[in-house]
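>>> predicted model, plus sequence, below.
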Amino acid sequence: MTRLAVATIVLITLLCTLSFAQDSTPKVQVFGGYSFLHADTGGLTDATLYNGLREPNNPFSIANNFNGWNAQAQYNTNRWFGIAADFGGRYGSPIVPGQRVILSGMPKGTGYSGLFGPVISFRGKSKVTPFIHALFGYDRINVSSSTITGRTGTVTTFDTTYTDAAVALGGGLDYRLTGHIGLRLVQLDEFYTTHNLNKYYDSVFHSTLFNNLRTNQRNVRISTGITVRF
């Protein structure tokens with residue numbers, strides 16, 4: 001477990017000491033809202049991309065911040081322990097124009113995940129409920145086919161999809177507004193994926209240019225939104 005996950009668990013454990021009395025426990029709770037993902041590019045940089053593609057004008061830049069959504073359904077067996085199914089999506093091209101460069105035909109990128117695992121909640125008299133979870137499943141990334149034109153010569157990308165194992169370690173804080181409605185103030189996860197980016201980008205560009213990229217990534221995911229309790 002990395003320092004991010006450890007720090008998250010320590011913070012939530014400290015906050016749970018503020019809870020003393022038992023709070024009503026929902027059997028089922030559903031969360032939905034906004035999600036931000038800071039992606040680990042696996043060592044891919046602007047320089048390695050345009051050198052690999054032999055584009056001397058430095059037209060491209062690597063994007064690693066993506067906006068999307070996160071949804072979760074959780075079944076609680078008691079006031080402490082639950083099981084959650086977590087789904088997420090993110091959008092935005094991983095390859096964007098460089099500074100002061102105008103390009104057209106940038107490829108679209110998407111990512112979808114499905115995770116499942118245990119949740120431990122610290123319920124008490126406070127309206128704030130800290131929780132931690134360990135979620136396991138898959139992450140699917142895709143880049144669409146496109147023809148990039150502009151300052152550079154023509155560069156073609158090919159539709160590519162890879163699905164690999166993923167793990168999310170982290171937790172967050174839920175705030176109870178009413179008996180059934182609440183806010184997820186924050187959910188912070190170390191989102192660990194196992195994509196072989198060498199094969200992935202070789203498929204995107206139909207090349208054999210990428211050899212030194214990492215085959216696992218430590219991403220950071222932050223989510224917030226509405227919770228409904230039943």
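Sure, I can see it.
>>> which residues in the chain form helices?
With DSSP state H as the criterion, the chain has helices at 3-16, 46-52, 197-205.
>>> which residues of the chain score low on pLDDT?
The chain contains residues with pLDDT under 70 at 1-23, 55-56, 151-153.
>>> make it 90
1-25, 45-61, 95-106, 124-126, 148-156, 179, 207-212 (pLDDT under 90).
>>> wait, I222 touches L185, no?
No. If you go by CB atoms under 8 Å, I222 and L185 don't touch, sitting 11.1 Å apart. For every residue, glycine as well, the C-beta is placed using N, CA and C.
>>> comparing those two, which residue is more hemmed in?
More crowded of I222 and L185, by other CB atoms under 10 Å: I222, with 17 against 12.
>>> if I look at the more buried one, how far off is N196?
26 Å (CB to CB, to the nearest Å).
>>> chain neighbours aside, what residue packs nearest to Y192?
V167 (4.5 Å; CB to CB, 6 or more residues apart in numbering).
>>> give me the distance between the one you found and P94.
With CB to CB as the criterion, V167 and P94 are 21 Å apart.
>>> all strands of this structure, in order?
28-38, 60-62, 65-76, 81-91, 95-97, 103-104, 109-121, 128-143, 146-150, 155-157, 160-176, 181-193, 217-229 (DSSP state E).
>>> rewinding a little: was I right about the residue nearest to Y192 contacting Y138?
No. Judged on CB under 8 Å, V167 makes no contact with Y138 at a distance of 10.2 Å.
>>> ok, the residue lying closest to T157 once chain neighbours are set aside - contacts?
Spatial nearest neighbour of T157, chain neighbours left out: P107 (4.4 Å); criterion: CB to CB, 6+ apart. Neighbour list for P107: S93, I95, V143, S144, S145, S146, I148, T157, V204 [criterion: CB atoms under 8 Å, 6 or more residues apart in numbering].
>>> buried subset of these, written for PyMOL?
Applying 16 or more other CB atoms under 10 Å to the contacts of P107, the buried members can be selected in PyMOL as follows:
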select buried, resi 93+95+143+144+146+148+157+204
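>>> okay if I get the contacts of P107 as a markdown table plus distance to A84?
Formatted as a markdown table, these follow (distance: CB to CB, whole Å):
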| residue | distance to A84 |
| --- | --- |
| S93 | 30 |
| I95 | 33 |
| V143 | 29 |
| S144 | 31 |
| S145 | 35 |
| S146 | 36 |
| I148 | 40 |
| T157 | 35 |
| V204 | 33 |
